[in-house]
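[1] I would like the atomic coordinates for the input below:
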Amino acid sequence: MLPTLLIVDDERATREGLRSALEEDFDIYLASNNAEALAILKSEDIQFLLTDLRLGGDSGMDLIDTAKKLPSPPVILMMTAYGSVDTAVEAMRRGAFHFVTKPLNLDEVEMLLKRALRSKTLETENIQLTKQVKQSASLSRLIGKSPEIKKVTELIEQVAPTRATILIEGESGTGKEVVAHAIHHLSGRPASKLVIVNCAALSPQLLESELFGHEKGSFTGAAQKRIGRFEQADGGTLFLDEIGEIDAATQVKLLRALSERSIERVGSNSPIKVDVRLIAATNKNLRQLVDTGSFREDLYFRLNVVSVKMPTLRERPEDIILLASSFLREFAEENGRPVKPLTDEAIHRLVSYSWPGNVRELRTAIEHGVVMSNDASIGVRHFPAFLEDTPHIRKPVEHCEKNNPNAPAVLNLGELEKFTIRRALAESADNRTKAADLLGISRRTLQRKIKELEL
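    This next block holds a predicted model:
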């Protein structure tokens with residue numbers, strides 16, 4: 001598809017001559033004045049604008065000003081018979097890519113437009129690449145290939161660029177703060193403007209002051225004015241963790257802040273406007289708290305514009321080895337240790353444990369193993385004692401079986417190894433080096449396993 005070019009000149013001969021010269025390389029639109037040009041700019045996706053400085057009673061400078069305010073402004077080239085250095089500088093200052101004088105040298109015009117096209121193409125590619133890199137980095141801590149975690153990442157990508165308030169629900173240790181970071185960094189708001197408050201860690205009076213700030217002398221101990229977290233987060237994101245712990249009075253003030261986009265410091269009646277994207281998280285069932293009267297229903301609806309439900313690790317056991325491999329590399333680097341493989345028994349124990357503490361508990365286990373192992377590999381004896389807690393050892397792998405028809409129904413070590421290796425090979429598109437990395441073992445060990453298990 002050819003790039004689009006709008007030519008604006010009050011002389012028909014000039015418009016038609018330029019169209020004849022450029023129509024092989026551009027999809028051409030023509031206009032004789034500002035009104036016609038603006039109608040085309042608003043109705044069509046115009047990428048390049050070539051405009052005369054004087055358009056009868058209109059000014060090409062005015063057209064530049066208007067075009068630059070469009071959501072997707074075109075690249076602008078100014079042409080005039082009244083050329084001067086001052087005019088050129090003014091056109092460039094207002095946003096023109098370049099400036100040419102009449103009578104036109106068509107080769108020069110074509111060359112400048114092609115240069116502008118290359119520049120715009122590079123700019124577009126750079127924006128897309130930057131966005132992809134930023135997106136990849138923001139979501140990199142959400143490790144997993146399970147349907148549950150894919151659903152979460154897709155939802156994050158959908159809602160992050162909006163202003164919508166987000167409620168993240170899930171058990172402790174499932175990664176709610178990781179989701180908050182990802183949403184913020186994909187929102188386009190400044191990275192430094194993510195402000196985090198743990199609501200469960202503060203008393204009601206301290207929490208109110210922490211959120212909204214206070215004036216000097218507003219209560220005993222208020223020796224000076226304090227700026228609250230809402231004001232600190234202005235222009236960015238405020239993440240309220242454990243939102244289910246806030247008291248009734250703070251709920252009222254929070255509801256008002258969300259409704260009016262303004263806050264009042266403790267001890268003041270003067271509203272302060274704030275532009276804050278709010279993300280809240282809880283490990284409680286807020287709907288049940290509403291039903292029991294301990295949480296305001298109107299605040300619940302304000303918070304729950306979009307709900308992100310974090311799955312437990314029990315619900316996505318196929319991600320356990322992927323997570324464990326990532327943590328092995330992370331803690332080995334952090335502690336200056338080599339990356340060691342997990343023994344077969346260790347893999348079996350990790351996958352069969354029910355992880356009541358979720359991803360946080362798994363991180364603890366892997367860090368303990370990395371620190372405690374002086375062997376060539378990491379075995380069960382290097383893990384914390386809680387991994388020997390029999391009540392938390394699963395027998396049937398119900399969730400794996402439901403989502404993966406080929407998964408073993410019972411945790412037979414040989415069948416489990418087959419399933420895990422097949423899964424790693426599938427995730428790495430049969431690249432055995434990558435599969436071994438996912439499994440936390442060497443490529444040679446993987447080759448041996450494939451041969452032993454007749455895969």
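[2] which residue, other than its chain neighbours, is closest to the residue nearest the centre of the chain?
    Of all residues in the chain, the one closest to the mean position by Cα atoms, centre = their mean is Leu186, 3.0 Å from it. Excluding the flanking residues, the one nearest Leu186 by Cβ to Cβ, 6 or more residues apart in numbering is Ala160, at 3.6 Å. (Each C-beta comes from the backbone N, C-alpha and C, glycine too.)
[3] ranges for the helices of the stretch 201-350 of the chain?
    For the stretch 201-350 of the chain, helices defined by DSSP state H, counting those that start in this stretch occupy the ranges 204-212, 229-232, 248-260, 286-292, 297-303, 320-334, 344-352.
[4] Ser140 - how many residues pack around it?
    11 (other Cβ atoms under 10 Å).
[5] how is the protein divided into domains?
    What automatic domain parsing lists as the domains of the chain is 4-126, 140-311, 315-452.
[6] can I get these in JSON lines including mean pLDDT?
    Converted to JSON lines, the domains of the chain look like this (pLDDT from 0 to 100):
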{"stretch": "domain 4-126", "mean pLDDT": "82"}
{"stretch": "domain 140-311", "mean pLDDT": "91"}
{"stretch": "domain 315-452", "mean pLDDT": "80"}
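[7] quick one, helices of the stretch 351-455 of the chain?
    Secondary structure of the stretch 351-455 of the chain (DSSP H, counting those that start in this stretch): helices at 358-372, 398-403, 413-427, 432-439, 443-452.
[8] which helices and strands does the first one pack with?
    Read that as helix 358-372. With contacts taken as 3 or more Cβ pairs under 8 Å, 6 or more residues apart in numbering; DSSP states H and E, helix 358-372 sits against helix 320-334, helix 344-352.
[9] what residues of it count as buried?
    Asn358, Val359, Glu361, Leu362, Arg363, Thr364, Ala365, Ile366, Glu367, His368, Gly369, Val370 (16 or more other Cβ atoms under 10 Å).
[10] same check, this time on stretch 321-337
    Applying a neighbour-count criterion of 16+ other Cβ under 10 Å, one finds Ile321, Leu322, Leu323, Ala324, Ser325, Ser326, Phe327, Leu328, Phe331, Ala332 buried in stretch 321-337.
[11] out of the residues you listed, who's nearest Asp247?
    Of all these, Asp247 sits closest to Leu323, with 36.1 Å by Cβ to Cβ.
[12] tell me how far that closest one lies from Leu438.
    When distance is defined by Cβ to Cβ, to the nearest Å, Leu323 is 10 Å away from Leu438.
[13] before we move on, what about Glu108?
    Taken as Cβ to Cβ, the span from Glu108 to Leu438 is 57 Å.
[14] who has more neighbours, these two?
    For Glu108 versus Leu438, the count of surrounding residues by other Cβ under 10 Å is larger for Leu438: 23 against 12.
[15] so who does the more buried one touch?
    Ile321, Leu322, Ser325, Ala424, Glu427, Ser428 (Cβ atoms under 8 Å, 6 or more residues apart in numbering).
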